[in-house]
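In: my questions concern the predicted model and sequence given below.
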Amino acid sequence: MAKIGFVGLGNMGLPMALNLVKAGHQVIGNDVMPKGMEALKAAGGSATNDVAQIAGCDVVITMLPSGQQVRDVYLGATGLLAKAKQGTLFIDSSTIDVETARLIAAKAEESGMSLLDAPVSGGVGGAQAGTLTFMVGGRDEAFEEAKPILELMGKTIVHAGGAGAGQAAKICNNMILGISMIAVSEAFVLAEKLGLDKQKLFDISSKSSGQCWSMTTYCPVPGPVPTSPANRDYAAGFTAAMMLKDLKLSQEAAKLAGAKTPLGAEATALYARYVDSGQAGRDFSGIIQFLRK
């Protein structure tokens with residue numbers, strides 16, 4: 001069994017780390033908040049605030065909120081790359097900008113280590129169930145080494161290409177998600193205005209050309225999909241603030257690549273207004289309530 005360091009024990013990182021503990025690996029966790037570290041220790045893992053202990057592991061996984069935090073954790077005289085031994089495998093499952101992903105991968109290579117960008121899709125439920133989708137960027141050899149570890153946390157593991165390709169896939173995927181959630185929400189709002197029962201719309205669209213994940217798995221109205229956040233007053237599985245972050249990343253990437261994404265830009269603007277209305281911590285599907293107003 002491997003000795004695995006895990007930095008970032010939040011809503012996503014903690015259940016991912018717990019699945020590694022359940023599989024029999026020795027997991028040493030770190031987080032700025034003690035709650036996650038205590039939960040990991042209670043499940044049979046261990047925790048430390050010493051970067052050197054984390055960096056001394058065979059495999060190190062990071063799950064952090066932003067590109068700047070990823071840079072801070074990996075780079076510099078006290079960062080993970082400075083403390084780790086040659087041959088260490090790093091897996092960054094944060095959702096960040098492609099530029100940062102490529103930078104830290106290059107720095108790792110210079111130091112004789114491998115680093116994969118491996119953002120995830122599937123939300124907290126997928127993290128808990130071990131059914132996440134990993135979109136992985138990096139060298140073929142590093143991917144093959146990481147795959148058995150990733151398979152303990154996810155159901156679908158896709159090698160998207162070289163360094164940064166995982167982040168590119170995640171950014172594109174979540175731009176689709178943000179746009180489609182707005183489209184589905186607008187359709188249900190229109191149906192309400194036209195006097196069409198929400199269940200009838202779901203029964204039709206979920207089996208017709210309007211079918212999509214935002215409709216069939218994460219329906220933004222209560223009732224048709226009992227497991228969707230709409231049935232829990234939009235308690236977050238994936239917050240509006242996180243969706244806005246990902247949409248902003250898509251627009252930054254589009255600008256750098258010279259790509260036109262008018263619907264992505266409009267979705268970003270709508271989620272910015274939704275977040276600014278005080279709903280940053282609400283589930284992103286709750287934007288239907290904003291659209292009603």
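Out: Nice, I can see it.

In: which residues touch the residue lying closest to Glu38 once chain neighbours are set aside?
Out: Of all residues beyond its chain neighbours, the one nearest Glu38 is Ala47 (7.5 Å), with distances taken as CB to CB, 6 or more residues apart in numbering. C-beta here means a position set from N, CA and C on the backbone, and glycine is covered the same way. Contacts here follow CB atoms under 8 Å, 6 or more residues apart in numbering; on that basis Ala47 touches 28-31, 37-38, 40-41.

In: separation between Ala47 and Gly79?
Out: In this view, Ala47 and Gly79 are 19 Å apart by CB to CB, to the nearest Å.

In: isn't Ile104 right next to Asp72, touching?
Out: No: shown here, Ile104 and Asp72 do not form a contact pair, counting by CB atoms under 8 Å, at 10.8 Å.

In: the longest helix in the protein is where?
Out: helix 165-194 (DSSP state H).

In: go through it and flag the buried ones.
Out: For helix 165-194, the buried set under the neighbour-count rule, 16 or more other CB atoms under 10 Å, comprises 165-182, 184-185, 187-189, 191.

In: and stretch 30-38, by the same measure?
Out: Of the residues in stretch 30-38, those scored as buried under the neighbour-count criterion (16+ other CB under 10 Å) are 30-31, 36-37.

In: what's the answer for stretch 271-281, then?
Out: When burial is assessed from 16+ other CB under 10 Å, stretch 271-281 yields the following buried residues: 271, 274-275, 279.

In: coming back round to it: neighbour-wise, which of Ile104 and Asp72 wins?
Out: Higher neighbour count among Ile104 and Asp72: Ile104, with 25 against 13, using other CB atoms under 10 Å.

In: mind telling me what element the more buried one is part of?
Out: Counting by DSSP states H and E, the element that carries Ile104 is helix 98-110.

In: off-centre distance for that helix?
Out: The chain centroid and the centroid of helix 98-110 are separated by 19 Å under CA atoms, centre = their mean, to the nearest Å.

In: that one to helix 165-194, inter-axis angle?
Out: 160 degrees (axes from the mean of the first three to the mean of the last three CA atoms, to 10 degrees).

In: same question for helix 98-110, mean pLDDT?
Out: Per-residue pLDDT values over helix 98-110 give a mean of 96.

In: right, and the helix or strand after that helix?
Out: Of the helices and strands lying after helix 98-110 in sequence (DSSP H and E), the nearest is strand 114-117.

In: output the contacting helices and strands for that next one.
Out: In terms of contacts (3 or more CB pairs under 8 Å, 6 or more residues apart in numbering; DSSP states H and E), strand 114-117 is packed against strand 89-92, helix 98-110, strand 132-137, helix 140-150, helix 165-194.

In: repeat that for 6 Å
Out: Other helices and strands packing on strand 114-117, by 3 or more CB pairs under 6 Å, 6 or more residues apart in numbering; DSSP states H and E, are strand 89-92, helix 98-110, helix 140-150.

In: what's the second one packed up against?
Out: Using 3+ CB pairs under 6 Å, 6+ apart as the contact criterion, the elements in contact with helix 98-110 are helix 67-74, strand 114-117, helix 165-194.

In: show the subsequent helix or strand relative to the longest helix of the chain.
Out: Per DSSP H and E, helix 165-194 leads on to helix 198-205 as the next helix or strand towards the C-terminus.

In: quick one, domains of the protein?
Out: 3-161, 168-292 (automatic domain parsing).

In: any idea how far the residue nearest to Ser111 when sequence neighbours are not counted is from Ile61?
Out: Taking CB to CB, 6+ apart as the measure, Ser111 lies nearest to Leu81, with 5.4 Å between them; neighbours along the chain are not counted. Computed as CB to CB, the Leu81 to Ile61 distance reads 15 Å.

In: got the angle between the lengthiest strand in the chain and strand 132-137?
Out: When every strand of the chain is counted residue by residue (DSSP state E), the longest turns out to be strand 154-161. Note on geometry: by the same axes, to 10 degrees, strand 154-161 and strand 132-137 are set 10 degrees apart in direction.

In: and strand 154-161, average pLDDT?
Out: Strand 154-161 carries an average pLDDT of 98.

In: which strands and helices sit next to it?
Out: For strand 154-161, the packing partners by 3+ CB pairs under 6 Å, 6+ apart are strand 132-137, helix 140-150.

In: chain center to it: distance?
Out: Relative to its parent chain, strand 154-161 has a centroid offset of 13 Å by CA atoms, centre = their mean.

In: for that strand, which outside residues touch it?
Out: Contacting residues not belonging to strand 154-161 are listed as 131-137, 143, 147, 150, 166, 169 [CB atoms under 6 Å, 6 or more residues apart in numbering].
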